[in-house]
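Trainee: curious how this folds, go ahead:
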Amino acid sequence: MSIIAIMMLMLLRNFRVGGTSTTIGFITSPLLHHRRMLSISTASMSTTSPMSWEMITNQSSKTVKLFKSIHKNKSKRNESGLTIAEGVRLVTDILSDEKSRKLVRRIIVSESIIDGQSNNEYQQQLEHWLNVVEEESRQRKAEFASGIKNQDEIDPVTINIGTDPVLTACSGTVTTQGVVALMEIPKSQIPKSLDACTVSKTANESSKPPFYVILDGLQDPGNVGTILRSCAASHVSALILLPDSCDVWNPKAIRAAMGASFRVPVIDLNGRNGALSEALEMLNDCGIESDRVFAATMDETGDGRSSIAHYDVDFDKGAAIILGKEGEGLREEVRNAMGRGLISTVHIPMAEGTESLNVAVCGSIVMFERMRQLSVIQSVSAN
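Mentor: The predicted structure follows:
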C-alpha cells in the first residue's frame, strides 16, 4: 500500500461524519514548520488559517517595555487606556466571550503552549481561540481594504510568539503562565436612564431590580477581584469606586477577578470631590432612594443606629451596599451619612466572639442572599 493511501486511511479513521464532537482543521506554525490537527467542538467556530505570528526574542523591545510599564504604573494604564490579563485559563475565557474579545489588542504566547503536545483542555481551547482571533482580524483588515469599514473600526489584534524570558518579562507573576494579553480598559459609564440601571434580560430570566456594590477605599487587589467575581455571578448592575479605592485595572485585580473585570460595568469616582453625594444622586436617578443604600457594619448598631441583618433586607427592590476599607472600615463621610439617617446599615450576624469577616466574604454573602431571595420570588411567581 502506498504512503499516500496509508495517510488517507489514518485521516478517515479519525474523522466522524455527522458527529457532534470533533472536526479536523490544520494549523501551520511559523516556528514548527509542520502541520498538525486540532480537534475542536463543532458547536464553536472551526475555521483556521495559516499563522504568521512574529516571534519576540528581545526583552528590551518596545512591546516588552509597554507590558512592564502597564504592570507597574497606574498612570501608564490611565494614559494608555490599557491593562494586562495573563494565564491560559483567564485569557481563554476572555477570548471565548465576544464582548471581552473585542477589547484585546495584543497577545504574546509561549511556543510551548501551542506546540500541539498538551492534553490540557484550556491550552487546547486557547489555541482554538487564538485562531478565531487571527481569522477575525484578517476579516476586519479585508473589510477595511474593500472600504466596508473605516480604520478606527477594524481594531486588529496582534499575536506574537515569545521566548520564555520575554514571557517572564511581560508577566506579573514569578512564574510565567505562558500567555499574556494587552487589553483595552472599558470606558467608565454612569447610567443615563432607568433602563440603563436595570440588569439586562437573558434568554431564560426576567429582568432583575438594580443592585450596586460600592467600594469605599478598598486597597487589596485580591479582595477587589473576588468581589468582581461575585458581582458577575450574582447579576450586580455595576461596581462603583469611591475615592482611594484600589485600581480595578491593576493586573493583580484582573487575575483575581478571572475575567469578571470585563463583564461587570465599573463606575470610577476616584479623584472626584463629593463622590458619595454623586453616587447617591446617580442611584436615586436609577430609582434607588438613599434609604435603600446599605453601609455594611460589623454589628447590630451602625454609629448608634439600628442595623438590619442581611437576610432581613428586602432585595425585591433596587438597592446598593457600601463596603468599607480593610482594617479601617467606612470613611467619615459615609459614617456621617449613616448617623444622619441618610443611608441605612446592614450587618451579617456572626457567632459570639467573632470580630469581623473579610470584606470580600461579607460582600459576597450579601450579594448571594439577594440572589436567593430573587430566586425564591421567581419560583413562587412561576407556580
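
Trainee: show me where the stretch 151-300 of the chain has its helices.
Mentor: Ranges of helices in the stretch 151-300 of the chain, per DSSP state H, counting those that start in this stretch, are 151-154, 164-170, 194-197, 221-233, 251-257, 275-285.

Trainee: would you mark the buried spots in the longest one?
Mentor: Of the residues in helix 221-233, those buried by neighbour count under the rule 16 or more other C-beta atoms under 10 Å are 221, 223-232. Just so you know, the C-beta spots here come from the backbone N, C-alpha and C atoms, and that holds for glycine as well.

Trainee: may I ask you to confirm that Val109 belongs to a strand?
Mentor: Yes. Judged by DSSP: H, G, I helix; E, B strand; the rest coil, Val109 forms part of a strand.

Trainee: contacts only, for it.
Mentor: Applying C-beta atoms under 8 Å, 6 or more residues apart in numbering, we find Val109 in contact with 126, 130, 159-162, 178-179.

Trainee: thinking again about what came up before, turn the buried residues of helix 221-233 into JSON lines, columns for pLDDT and distance to Gly81.
Mentor: Shown next, in JSON lines, are those (pLDDT from 0 to 100; distance: C-beta to C-beta, whole Å):
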{"residue": "Pro221", "pLDDT": "95", "distance to Gly81": "19"}
{"residue": "Asn223", "pLDDT": "96", "distance to Gly81": "24"}
{"residue": "Val224", "pLDDT": "97", "distance to Gly81": "19"}
{"residue": "Gly225", "pLDDT": "96", "distance to Gly81": "20"}
{"residue": "Thr226", "pLDDT": "97", "distance to Gly81": "25"}
{"residue": "Ile227", "pLDDT": "97", "distance to Gly81": "23"}
{"residue": "Leu228", "pLDDT": "97", "distance to Gly81": "19"}
{"residue": "Arg229", "pLDDT": "96", "distance to Gly81": "23"}
{"residue": "Ser230", "pLDDT": "97", "distance to Gly81": "26"}
{"residue": "Cys231", "pLDDT": "97", "distance to Gly81": "22"}
{"residue": "Ala232", "pLDDT": "95", "distance to Gly81": "22"}
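
Trainee: Tyr212: which of those residues is nearest?
Mentor: Cys231 (9.4 Å; C-beta to C-beta).

Trainee: poorly predicted segments of the stretch 101-250 of the chain, please.
Mentor: 116-118, 144, 146-155, 189-206 (pLDDT under 70).

Trainee: identify each buried residue in stretch 62-74, please.
Mentor: For stretch 62-74, the neighbour count (16+ other C-beta under 10 Å) marks 63-64, 66-68, 70-71 as buried.

Trainee: swap in stretch 102-112?
Mentor: For stretch 102-112, by 16+ other C-beta under 10 Å, it's 103-104, 106-111.

Trainee: likewise for stretch 159-168?
Mentor: 159-163, 166-168.

Trainee: and it, end to end?
Mentor: Stretch 159-168 has an end-to-end distance of 17 Å (criterion: C-alpha to C-alpha, to the nearest Å).

Trainee: likewise stretch 173-184?
Mentor: 21 Å.

Trainee: ok, and what's touching it?
Mentor: Contacts with stretch 173-184, where a contact means C-beta under 8 Å, 6+ apart, come from 66-67, 70, 81-88, 91, 94, 100, 103-110, 112-113, 126, 164, 167-168, 170-171, 254-255, 262.

Trainee: recalculate using a threshold of 6 Å.
Mentor: 82-83, 85-88, 91, 103-110, 113, 167-168, 170-171 (C-beta atoms under 6 Å, 6 or more residues apart in numbering).

Trainee: tell me how far Leu167 lies from Ile56.
Mentor: 9 Å (C-beta to C-beta, to the nearest Å).

Trainee: ugh, wrong one, I meant Ile267
Mentor: According to C-beta to C-beta, Ile267 stands 36 Å off from Ile56.

Trainee: same check, this time on Val64
Mentor: Computed as C-beta to C-beta, the Val64 to Ile56 distance reads 7 Å.

Trainee: ditto for Val174
Mentor: When distance is defined by C-beta to C-beta, Val174 is 21 Å away from Ile56.

Trainee: who's more crowded, the two?
Mentor: The neighbour comparison of Val174 against Ile56 (other C-beta atoms under 10 Å) goes to Ile56, with 18 against 6.

Trainee: backbone dihedrals for the more buried one, please?
Mentor: Here is the backbone geometry of Ile56 (degrees, to the nearest 10): phi -110, psi 120.

Trainee: was I right to think it contacts Asn160?
Mentor: Yes. Using C-beta atoms under 6 Å, Ile56 is in contact with Asn160, at 5.0 Å.
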